[in-house]
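Engineer: Structure, please.
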Amino acid sequence: MRSRVLAALAIGASLFMGGSLPARAQEKPDYAPYREGLFLRYLNAEPGEIDGVPRIGLSLGGRPLRAVIDSGSTGIVVAAEFVPGFETMPSLGPAKLTYSSSGRVMLGQWVVMPVTLSGREGASVTTDPLPVLVVTEVQCLDYARVCQPTNAPRNIAMVGVGFAREGDSQSQSTPDKNPLLHVTGGEGARRQGYILSPEGVHVGLTAANTRGAFRYVKLDRRPDGTDWAPLPGCVALGGSTLPACGTVLVDTGVSVMYMTVPEAQAAGAQGTLPPGTQVAISIGTEGSAFPLYSFNAGDGGPMSPSAIHLRVADDRTFVNTSYHLLNGFDVLFDGEGGYVGFRPR
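Structural biologist: Model (predicted):
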């Protein structure tokens, strides 16, 4: 796998040569003082490559649920059937979260409670009390791909651990709702953050679990100061030497890639990309981005998405990588320091 990553980097480098990396892209955080970390193996982890949306145990005081761990959203979302008596629990009021990829809109209440997350081998972490979206109704956007409206939702269990999602129809999805940033317990200093891998998630950043060739990007703050800004990145299609730049989302909740590029970059493509089209993804801002990986549409490679949904528009450039990126990189998010890191596998 490492040879495939290096080959992808070599291809990407030929497309993104130009200015040297800015200081922000070279900064490296110091995790030496931290020892509090735990590895939670996905409930559906298999040896080798990840080939499905990862699941993790979620306990709200009762039996553990098999929940999706989703880096494309922020906040725990569960059907009301799993929280009996929630009406009498402490609440922050009405709740709403929209999953833009599927078009599903979750409505309910933000109920405050501690939660426990667990892995396949029994390891677990518990959070401070935090808001949990207890879903009482599901609505559907007009463009919804997979959605059935209901006033009696069932079998909904999501653990959203993403950042900077407020601008994507998730205005209430603020960092106070991210369970992996509010883990409690332990005897020493804890750095609130995590590392996603194909087999599981490291909860808490330490000197040990951050070893290796991580390449870091320092995020900006949102203008209102409430969260970090999205991860900047660029995409070049078909060997273009003029990439389109915007933001990149590493989303463990989907198997397909969602991409928005301007007409000049799409080169006539609509809806999806023709088989064999080269896709090169870089991280950073225009003129200083470093190559991350590349693939050819439909090549079936380990980091290639199962499908590509292409939107052609000039309003923004955006790439949702899907969980397949984890077959080439461990992905770190430091919620305290505002770093994202990529470690080749």
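
Engineer: from memory C147 sits against S102, does it?
Structural biologist: Yes - between C147 and S102 a contact is recorded at 6.0 Å, counting by CB atoms under 8 Å. The C-beta positions use only the backbone N, C-alpha and C, and glycine is treated the same way.

Engineer: contacting residues for the residue nearest to the spatial centre of the chain?
Structural biologist: Relative to the mean C-alpha position of the chain, the nearest C-alpha, by CA atoms, centre = their mean, is the one of S71, at 2.6 Å. If you count contacts by CB atoms under 8 Å, 6 or more residues apart in numbering, S71 has them with 160-162, 196, 249-253, 331, 333.

Engineer: Could I get the buried residue list for stretch 98-109?
Structural biologist: 98-101, 103-109 (16 or more other CB atoms under 10 Å).

Engineer: end to end, how far does that stretch reach?
Structural biologist: Start-to-end span of stretch 98-109 (CA to CA, to the nearest Å) is 14 Å.

Engineer: Report the rounded mean pLDDT for that stretch.
Structural biologist: Regarding stretch 98-109, the rounded mean pLDDT is 92.

Engineer: before we move on, what about stretch 334-345?
Structural biologist: On average, stretch 334-345 scores 97.

Engineer: Then stretch 216-229?
Structural biologist: On average, stretch 216-229 scores 93.

Engineer: what separates that stretch from the chain centre, distance-wise?
Structural biologist: Its chain's average C-alpha position is 15 Å from that of stretch 216-229, according to CA atoms, centre = their mean, to the nearest Å.

Engineer: which residues touch that stretch?
Structural biologist: 24-29, 163-164, 166, 174-175, 231-232, 283-284, 332, 335, 337-341.

Engineer: pull the CA atoms of that stretch into PDB?
Structural biologist: Listed next in PDB are the C-alpha coordinates belonging to stretch 216-229 (Å, rounded to 0.1, in the frame of the first residue of the first chain):
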ATOM      1  CA  TYR A 216       0.300  18.800   9.100                       C
ATOM      2  CA  VAL A 217      -1.800  21.700   8.000                       C
ATOM      3  CA  LYS A 218      -2.700  24.400  10.500                       C
ATOM      4  CA  LEU A 219      -6.300  25.500  10.200                       C
ATOM      5  CA  ASP A 220      -7.600  29.000  10.400                       C
ATOM      6  CA  ARG A 221     -10.400  29.900  12.800                       C
ATOM      7  CA  ARG A 222     -13.900  30.600  11.600                       C
ATOM      8  CA  PRO A 223     -14.600  34.400  11.500                       C
ATOM      9  CA  ASP A 224     -16.900  34.100  14.500                       C
ATOM     10  CA  GLY A 225     -14.300  32.100  16.500                       C
ATOM     11  CA  THR A 226     -16.600  29.200  17.300                       C
ATOM     12  CA  ASP A 227     -14.800  26.500  15.300                       C
ATOM     13  CA  TRP A 228     -11.900  25.800  13.000                       C
ATOM     14  CA  ALA A 229     -12.300  26.600   9.300                       C
END
